[in-house]
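Chemist: show me the folded form of this:
(2 chains)
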Amino acid sequence: NAGVTQTPKFQVLKTGQSMTLQCAQDMNHEYMSWYRQDPGMGLRLIHYSVGAGITDQGEVPNGYNVSRSTTEDFPLRLLSAAPSQTSVYFCASSYSNLAGAYEQYFGPGTRLTVT
Amino acid sequence: AQSVTQLDSQVPVFEEAPVELRCNYSSSVSVYLFWYVQYPNQGLQLLLKYLSGSTLVKGINGFEAEFNKSQTSFHLRKPSVHISDTAEYFCACMEYGNKLVFGAGTILRVKS
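Modeler: Sure thing, here's the model as predicted:
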């Protein structure tokens, strides 16, 4: 199993540009989520999905869109990049029940800089 | 709403000394609790979790944590640290629906 993969690893954008961060998992997990990590703030939930076709907002959703057309993929779209979106982005997945012990598996991250 | 407070932003410790990383949570309902570790330039890896049952939870790499409901704490401990334990450690809380709320993190620096 490759686990959770994310592309790209690094990205530099100019203010106003758009882009999509890719996330894929091969563990047949129902639950997938996107976090951003900023120094001194831990990880904050952006959007999450409990299954194909179902998405919902997390703590910091503004400026981001998601969709979930398949179980495996959960892309994150930045609509019009702003310097405040400079961060490290992590995708995670898990089974969504007690049998799966709710353990979330994290991807390696995408480091995004917006100038 | 749930929240997680990690009481120390950095903890320096000498190799082979014991260490405790402190975590308090706030929630009005029963929660699941987790500790994750992040090595430099890597993703997060689960150290241990408390879902129910015994309040003393053992994890990987010799770490353990104790759930204390009355004090709403979930402190992480290791009796003897190694240089390779240098990393950032995150405490996290889950109320429902797989949504994790993370603390701000504690950087453990192990010195020789």
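Chemist: show me what from chain A comes close to chain B.
Modeler: Counting by CB under 8 Å from any CB of the partner chain, the residues of chain A close to chain B are A:4, A:31, A:33, A:35, A:40-45, A:48, A:50, A:58, A:90, A:92, A:94, A:96, A:98, A:101-104, A:106-109. To be clear about C-beta, it is placed using only N, CA and C from the backbone, and glycine gets the same treatment.
Chemist: any quick ChimeraX command for the buried ones out of these?
Modeler: Of those, the buried ones go into a single ChimeraX selection, burial set by 16 or more other CB atoms under 10 Å in any protein chain shown:
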select /A:4,31,33,35,42,43,44,45,48,50,58,90,92,94,96,102,104,106,107,108,109
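Chemist: and the residue nearest the centre of chain A, helix, strand or coil?
Modeler: Centroid-nearest residue in chain A, with CA atoms, centre = their mean: A:Trp34, separated by 2.7 Å. Here A:Trp34 is strand, with the state taken from DSSP: H, G, I helix; E, B strand; the rest coil.
Chemist: so, low pLDDT: which residues of the chain?
Modeler: In the absence of a named chain, this looks at chain A. A:97-101 (pLDDT under 70).
Chemist: oops, chain B please
Modeler: For chain B (pLDDT under 70), the answer is B:1, B:97.
Chemist: how near is the residue nearest to the centre of chain A to chain B?
Modeler: As judged by CB to the nearest CB, to the nearest Å, A:Trp34 and chain B stand 12 Å apart.
Chemist: now that residue. Nearest residue, chain neighbours left out?
Modeler: Excluding its sequence neighbours, the residue lying closest to A:Trp34 (CB to CB, 6 or more residues apart in numbering or on different chains) is A:Ile46, at 4.4 Å.
Chemist: name the helix or strand for that neighbour, please.
Modeler: A:Ile46 is part of strand A:43-51 when elements are defined by DSSP states H and E.
Chemist: packing partners for that strand?
Modeler: Judged by 3 or more CB pairs under 8 Å, 6 or more residues apart in numbering or on different chains; DSSP states H and E, the packing partners of strand A:43-51 are strand A:31-37, strand A:54-57, strand A:64-66, strand B:100-102.
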